[in-house]
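> After the sequence you'll find the predicted model.
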Amino acid sequence: MSTAVAASPFRFFSLQVVRTQRLGPSMVRVGFAGPDLRAFRSDGRDQSLSLFLPHPGQSAPVVPVELGEDWWRGWRELPDDVRAVMRSYTLRALRADAGGHTTEIDIDFVLHGVEPDAAAQAGPAARWAARAAAGDRVLVLGPAVADNRAIRFRPPRDTDLVVMWGDETAVPAALAGVESLPTGTRARVWLEVPHAGDIQDVTTRADAEITWLVRDEASGQGSPMALSALRGTALPPAERPYVWLAGESGCVKELRRHFVRERGFDRGRVVFVGYWRQGLTEEQLREQEA
């Protein structure tokens with residue numbers, strides 16, 4: 001008699017950089033590969049990943065994966081200057097061979113603060129991505145099961161209008177979502193970026209209207225401009241709309257209130273995800289949520 005064992009939905013993947021591509025002033029795409037990826041499974045869209053990066057001078061990130069499910073405790077107990085930097089990202093794209101095995105994945109990084117005259121200092125992930133080169137080693141905690149809980153973009157089959165908003169941290173996930181929509185799906189999308197040079201071309205089968213909102217950094221105007229743009233827009237009539245909002249936590253909450261309270265959308269069809277919070281590092285945010 002055999003006993004079926006359910007596959008763990010997430011596992012560690014040891015990967016190396018194979019290419020980099022600058023997408024604009026504020027973003028770079030990094031491609032990763034490695035034999036481990038044969039076990040990587042994802043339906044894509046806004047698939048969330050945990051990325052572990054080495055400190056300067058380290059050849060690889062230090063994570064006690066040998067501890068199995070207890071890796072988190074062991075990782076937290078390591079010295080700050082030894083313990084791998086952990087950051088949350090979304091999958092931008094994956095490529096597979098003829099047998100359906102994943103061969104490469106792409107992650108897009110926002111590069112705030114890497115410029116010499118930047119007002120705010122770049123975080124460790126942005127600094128790493130800005131100098132990433134082929135052969136650099138990382139660890140990814142990602143999906144071994146394609147349909148997993150780290151995917152939030154799930155328009156119901158009866159959706160007759162998809163509405164999306166994201167700031168630059170959510171642009172990769174938003175574009176992956178738009179590209180996944182079936183032929184003819186009506187979609188209205190607002191994406192917010194710091195520079196006009198950050199606007200990207202998008203290929204999709206959907207009937208998608210994408211509005212790029214370029215912030216005026218000199219004025220310090222932030223995501224409230226998205227709320228003004230949305231309030232001033234008449235959406236196409238729809239009986240079963242689906243809304244996806246992602247980016248800075250305060251902004252997505254404000255936009256959710258707009259759709260639920262002002263437009264009367266069913267709150268169960270409005271998905272909102274805070275990728276970051278103004279004024280807090282990911283470590284500080286993780287401590288607050290612990």
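Good, I have the coordinates. Numbers count the residues shown, from 1 in each chain.
> what about residue 271, distance to residue 155?
When distances are taken as Cβ to Cβ, to the nearest Å, residue 271 and residue 155 turn out to be 9 Å apart. The way it works is simple: take the backbone N, C-alpha and C, and place the C-beta from them, glycine included.
> and for these two, which residues touch both?
Contact criterion Cβ atoms under 8 Å, 6 or more residues apart in numbering; residues bridging residue 271 and residue 155 by contacting each: 242, 244.
> For residue 29, which non-adjacent residue is spatially closest?
Once flanking residues are discounted, residue 29 sits nearest to residue 21: 4.5 Å by Cβ to Cβ, 6 or more residues apart in numbering.
> Repeat that for residue 185.
Leaving aside its chain neighbours, residue 185 sits nearest to residue 206 (4.3 Å; criterion: Cβ to Cβ, 6+ apart).
> So for the one you found, what pLDDT did the model give?
The confidence metric pLDDT takes the value 97 at residue 206.
> ok, which stretches of the stretch 1-150 of the chain are strands?
Taking DSSP state E, counting those that start in this stretch, the strands of the stretch 1-150 of the chain run over residues 10-24, 27-33, 48-53, 85-90, 93-96, 102-110, 137-143.
> Buried residues, the third one. List them.
This points to strand 48-53. 48, 49, 50, 51, 52, 53 (16 or more other Cβ atoms under 10 Å).
> which intervals of the stretch 1-150 of the chain have sub-threshold pLDDT?
Segments of the stretch 1-150 of the chain classed as low confidence (criterion: pLDDT under 70) are 1-7, 115-120.
> Just give me the neighbour total for residue 163.
Residue 163: 26 surrounding residues under other Cβ atoms under 10 Å.
> no, scratch that, I was asking about residue 19
There are 14 residues near residue 19, going by other Cβ under 10 Å.
> Pull the contacting residues for it.
Per Cβ under 8 Å, 6+ apart, neighbours of residue 19: 30, 31, 134.
> picking up where we left off before, and the residue nearest to residue 29, what does it touch?
Neighbour list for residue 21: 28, 29, 31 [criterion: Cβ under 8 Å, 6+ apart].
> if we go to 10 Å?
Residues counted as contacts of residue 21 (Cβ atoms under 10 Å, 6 or more residues apart in numbering) are 27, 28, 29, 30, 31, 106, 108.
> and what of residue 139?
So residue 139 contacts 12-15, 36, 50-54, 60-63, 65, 84, 86 (Cβ under 10 Å, 6+ apart).
> And those residues, which of them are buried?
12-15, 36, 50-54, 61-63, 84, 86.
> ok, so of the residues you listed, who is nearest residue 228?
Taking Cβ to Cβ as the measure, residue 228 lies nearest residue 51 of the buried ones among the contacts of residue 139, at 33.8 Å.
> pretty sure that closest one is touching residue 108, no?
No. With the criterion set as Cβ atoms under 10 Å, residue 51 and residue 108 do not qualify as a contacting pair; they are 11.7 Å apart.
> Overlap of the contact sets of the two?
30, 89, 129.
> now these: which count as buried?
Restricting the shared contacts of residue 51 and residue 108 to buried positions leaves 30, 89, 129, with burial counted as 16+ other Cβ under 10 Å.
> just so I have it, where are all the helices in the stretch 101-250 of the chain?
In the stretch 101-250 of the chain, the segments counted as helices under DSSP state H, counting those that start in this stretch are 124-130, 171-180, 224-231, 249-257.
> OK, contacts around the closest residue to residue 163 other than its chain neighbours?
Beyond its immediate neighbours in the sequence, the residue positioned closest to residue 163 (Cβ to Cβ, 6+ apart) is residue 243, lying 4.6 Å away. Taking Cβ under 10 Å, 6+ apart, we find residue 243 in contact with 155, 159, 161-165, 188, 235, 255-256, 258-260, 263, 265-267, 269-272.
> For residue 243, give the beta-bridge partners.
residue 163, residue 270 (DSSP bridges).
> and if you look at the one 4 residues further on?
Using DSSP bridges, the beta-bridge partners of residue 247 come out as residue 274.
> so it touches residue 193, yeah?
No. Under the criterion of Cβ under 10 Å, residue 247 makes no contact with residue 193, lying 11.1 Å away.
> Quick check: neighbours shared by those two?
166, 167, 168, 171.
> For these, pick the one with the most neighbours.
For those, the largest neighbour count, defined by other Cβ under 10 Å, is 29 neighbours, found at residue 166.
> How much space separates it from residue 271?
The spacing between residue 166 and residue 271, counted by Cβ to Cβ, is 12 Å.
> Need the residues touching each of those two.
Any residue near both residue 166 and residue 271 by Cβ under 10 Å, 6+ apart counts here, and that gives 46, 244, 245, 246, 252.
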